[in-house]
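Asks: the amino acid sequence is not available; the structure is as follows:
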């Protein structure tokens, strides 16, 4: 089994540069050229071969411990890993199992759960989606109402989830469910693992503004879920889910989207022959400066991670600044594109340029992962200590 | 083109504007229903024939045209009011295109166009040139061009009429569900129109003001829906519109809309009184830039204020953004007008 070789590689004893070089060379050799900088998030079938290849190399799960089949990387090396993938324009994998559920199971799951689920994620057998949001529980997630009732030998689940990313490309869902209606909202929530093939589960795709069925509604009607599919203690789901959010926010605060968009902006300006125009140069320079500043801010948080420090609520500022900068760059790109900004498809002259699509895809970044309004509330209350 | 308006009783004129606004309800449902606009998207040749027949029945394409040419000779104040109403309901009909070019058409085209029997749409060309036999060479793009019987193709100082019959272009789909027809002309028979460069410039400028008015409508439509939503959507046990952070954002958008309205109406009134060409153009460019910036901002923020539902195709709010992306690049681009405005004020300063 080729994984065995991977397990013997001791990444932590490598210098950062050697590790970076190892990744870079392998990515450049193996990454399918046609999947570089895809126009949209890839579906399961498009990314399956690449997922398998990474699995065989033992490189799917940089943050998991080696005994669970991960690379066992420190936070610092994980950042390098992320940077190299971004640098090459690699598509995001169907990665909820790897980045969300896996770490949660490793920390809170039973031995039986770890032994059952983790290898199946790495084998590309289970693809997971996250069922948190509900129609009336978005920013106010703690008010969720999908309910799991204890029926002795199983849970009976009824309710509805929404904005379930990649549900149509997954076969399992990890979800937050209400298991105690009497407790205060955060205290009555549990964490449940449900096969999407269970009788009573219905997935309805939602077309997004980019006309892509990236997310779905998922309906649960008297769904029977085995007792052992609950992770951790009953009514402890909220604190478990929250424990994972810090990493998500530094991930969403990475300068990658803005860097990518700025490069597209520059290409558009060259295509339109306006890159030397004073008006353009001024506006471009202002955005470039904002990106330089953002990178510096990001580096401070990354350095804290490298030092093994936990990320506090102040990491929310990264997500706010990144997403709003990303949108500002996309907005200038729209103007630079001129009448091509009206088009529904990438430009004939350069298929990597799709100004309206880039702009539209920038819009949800201030909504998902905790909207920027919620992030500002977190900063105001938890960092600045303002009254709530 | 139009009679000077200062001798017309102001009250009578206001009444006419109100009537025109009301009449727009024939095309734009007063309750904000956008089902017709949805059905139009990505379907057919880009023209809702029934709606267009109604537009012509109402005499809108001839609104700006002198009465002796078969129009109603109304001013820009009336015209922008109508376009604003159509923008509120995202009417995809190419009224601003046809109403602006119809004065350039020879009678044998103008009359059937006004009656709605034929459709001529304008196109803007790169390197358009006629050979010695009067045949047209170069490239042009015509919004909704597949729906037209003829194309009126323009460069800076000339305009040609081309019969669309037998000619094909490449239709490029646009974000709003329509298309732009890209034409490669290699010696196509064309009728050169007897229009002066000043006449063409005025057509383009007035069309730009029309775009600004339409965008003013779009932003109001998006804003009104968002305002309603903030009053009903509840999180944390309250209407989200009760949160001060969101209230302030809405107030800022409201100010942008009112700035746009002030410019659109002031510019229309100035032009109806007739001002020097340079000043007219400067006012129009300022209006167009303000409306373009504000429309994009309002529509972008409207999606944010709707939250995740705003990022779905089934929520109507996204239709406003997608329409604005297209409307704001008709008759010149945002960047073009921004630079044009900078150039005009520099010239004014230079000329003292």
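Replies: Looks like it came in fine. Remember, predicted model here, so these are calculated numbers, not experimental data. Numbers count the residues shown, from 1 in each chain, chains lettered A, B, ... in the order given.
Asks: use CA for all of it now, contacts and neighbours both
Replies: Noted.
Asks: ok, the spatially closest residue to residue B:146 that is not a sequence neighbour - contacts?
Replies: Excluding the flanking residues, the one nearest residue B:146 by Cα to Cα, 6 or more residues apart in numbering or on different chains is residue B:45, at 5.7 Å. Listed by Cα atoms under 8 Å, 6 or more residues apart in numbering or on different chains, the contact set of residue B:45 reads B:144, B:146-147.
Asks: mind checking how far residue B:45 is from residue B:320?
Replies: Counting by Cα to Cα, to the nearest Å, the separation of residue B:45 from residue B:320 is 21 Å.
Asks: how about TSV for the contacts of residue B:45, with distance to residue A:103 and pLDDT added?
Replies: Putting these into TSV (distance: Cα to Cα, whole Å; pLDDT from 0 to 100) gives the following:
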residue	distance to residue A:103	pLDDT
B:144	52	97
B:146	55	96
B:147	56	97
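Asks: in helices only, show me these.
Replies: Per DSSP state H, helices hold no members of the contacts of residue B:45.
Asks: take these and write them to TSV, including neighbour count.
Replies: Shown next, in TSV, are the contacts of residue B:45 (neighbours: other Cα atoms under 10 Å in any protein chain shown):
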residue	neighbour count
B:144	24
B:146	23
B:147	20
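Asks: what is the nearest of the residues you listed to chain A?
Replies: Nearest to chain A among the contacts of residue B:45 is residue B:144, at 12.4 Å by Cα to the nearest Cα.
Asks: check contacts around the closest one.
Replies: B:45-47, B:94, B:121, B:178-181.
Asks: what's the helix or strand for the residue nearest to residue B:146?
Replies: For residue B:45, there is no host helix or strand (DSSP states H and E).
Asks: that one and residue B:25, how far apart?
Replies: Relative to residue B:25, and taking Cα to Cα, residue B:45 is found at 24 Å.
Asks: for the spatially most central residue of chain B, give me its contacts.
Replies: Nearest to the mean C-alpha position of chain B, by Cα atoms, centre = their mean, lies residue B:211 at 3.2 Å. Applying Cα under 8 Å, 6+ apart to residue B:211 gives the contacts B:96, B:288, B:327-328, B:330-331.
Asks: now do the helices in the stretch 251-388 of chain A.
Replies: Assigned by DSSP state H, counting those that start in this stretch, the helices in the stretch 251-388 of chain A fall at A:256-271, A:278-306, A:316-337, A:355-362, A:372-378.
Asks: closest to chain B out of these?
Replies: Among these, helix A:316-337 comes nearest to chain B, with 5.8 Å by Cα to the nearest Cα.
Asks: pLDDT on the closest one, on average?
Replies: For helix A:316-337, mean pLDDT is 96.
Asks: that helix vs helix A:355-362, what angle?
Replies: Helix A:316-337 runs at 160 degrees relative to helix A:355-362, counting by axes from the mean of the first three to the mean of the last three Cα atoms, to 10 degrees.
Asks: and stretch A:27-37, how far from the chain's centre?
Replies: Remark: stretch A:27-37 is offset 20 Å from the chain centroid, using Cα atoms, centre = their mean, to the nearest Å.
Asks: what distance separates the start and the end of that stretch?
Replies: 14 Å.
Asks: average model confidence for it?
Replies: Computed over stretch A:27-37, the average pLDDT equals 91.
Asks: with stretch B:10-20 instead?
Replies: Stretch B:10-20 comes out at a mean pLDDT of 90.
Asks: now do the strands in chain A.
Replies: Remark: strands assigned in chain A by DSSP state E are A:128-131, A:147-150, A:154-165, A:172-178, A:189-195, A:201-206, A:215-226, A:230-231.
Asks: rebuild the contacts of residue B:45 as a markdown table, extending it with distance to residue B:53.
Replies: Formatted as a markdown table, the contacts of residue B:45 follow (distance: Cα to Cα, whole Å):
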| residue | distance to residue B:53 |
| --- | --- |
| B:144 | 16 |
| B:146 | 17 |
| B:147 | 13 |
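Asks: from these, which is closest to residue B:293?
Replies: residue B:144 (24.0 Å; Cα to Cα).
Asks: tell me which helix or strand the residue nearest to the centre of chain B sits in.
Replies: Applying DSSP H and E, one finds residue B:211 within helix B:197-232.
Asks: just how off-centre is that helix within its chain?
Replies: The answer for helix B:197-232 is 7 Å, by Cα atoms, centre = their mean.
Asks: wait, residue A:195 sits on residue A:175?
Replies: No: judged on Cα atoms under 8 Å, residue A:195 makes no contact with residue A:175 at a distance of 10.8 Å.
Asks: so for those two, which residue has more residues nearby?
Replies: More neighbours surround residue A:175 than the other of residue A:195 and residue A:175, with 22 against 17 (other Cα atoms under 10 Å in any protein chain shown).
Asks: ok, the more buried one to chain B distance?
Replies: 19 Å (Cα to the nearest Cα, to the nearest Å).
Asks: was I right about that residue contacting residue A:132?
Replies: Yes: between residue A:175 and residue A:132 there is a contact at 5.7 Å, judged by Cα under 8 Å.
Asks: show me the contacts for residue 188.
Replies: No chain in the question, so chain A it is. A:178-182, A:235-236.
Asks: that was the other one, I meant chain B.
Replies: Residue B:188 is in contact with B:135-137, B:162, counting by Cα under 8 Å, 6+ apart.
Asks: quick one: which of these has the most company?
Replies: Using other Cα under 10 Å as the neighbour test, those are led by residue B:136, with 24 neighbours.
Asks: so what touches the helix or strand where it lies?
Replies: In the assignment (DSSP H and E), residue B:136 maps to strand B:135-143. The contact list for strand B:135-143, computed with Cα under 8 Å, 6+ apart, reads B:121-131, B:151, B:153, B:179-190, B:330.
Asks: stretch A:289-306 too?
Replies: Applying Cα under 8 Å, 6+ apart, the contact partners of stretch A:289-306 are A:74-76, A:79, A:250, A:253-255, A:258-259, A:310-311, A:315, A:318, A:321-322, A:325.
Asks: with adjacent residues omitted, what lies nearest to residue B:122?
Replies: With Cα to Cα, 6+ apart, the residue lying closest to residue B:122 is residue B:152, at 4.6 Å.
Asks: name the SS class of that neighbour, please.
Replies: Three-state call for residue B:152 (DSSP: H, G, I helix; E, B strand; the rest coil): strand.
Asks: who's in contact with it?
Replies: B:101, B:120-123, B:159-162.
Asks: try 6 Å
Replies: B:121-123, B:160-161 (Cα atoms under 6 Å, 6 or more residues apart in numbering or on different chains).
Asks: isn't residue B:145 right next to residue B:182, touching?
Replies: No: using Cα atoms under 6 Å as the test, residue B:145 is too far from residue B:182 to be in contact (8.3 Å).
Asks: the more surrounded of the two?
Replies: For residue B:145 and residue B:182, the more surrounded residue by other Cα under 10 Å is residue B:145, and the numbers stand at 29 against 20.
Asks: care to break the chain down by domain?
Replies: In the absence of a named chain, this looks at chain A. Taking automatic domain parsing as the reference, chain A has its domains at A:3-93, A:128-235, A:244-383.
Asks: that was the other one, I meant chain B.
Replies: B:10-115, B:120-192, B:197-350.
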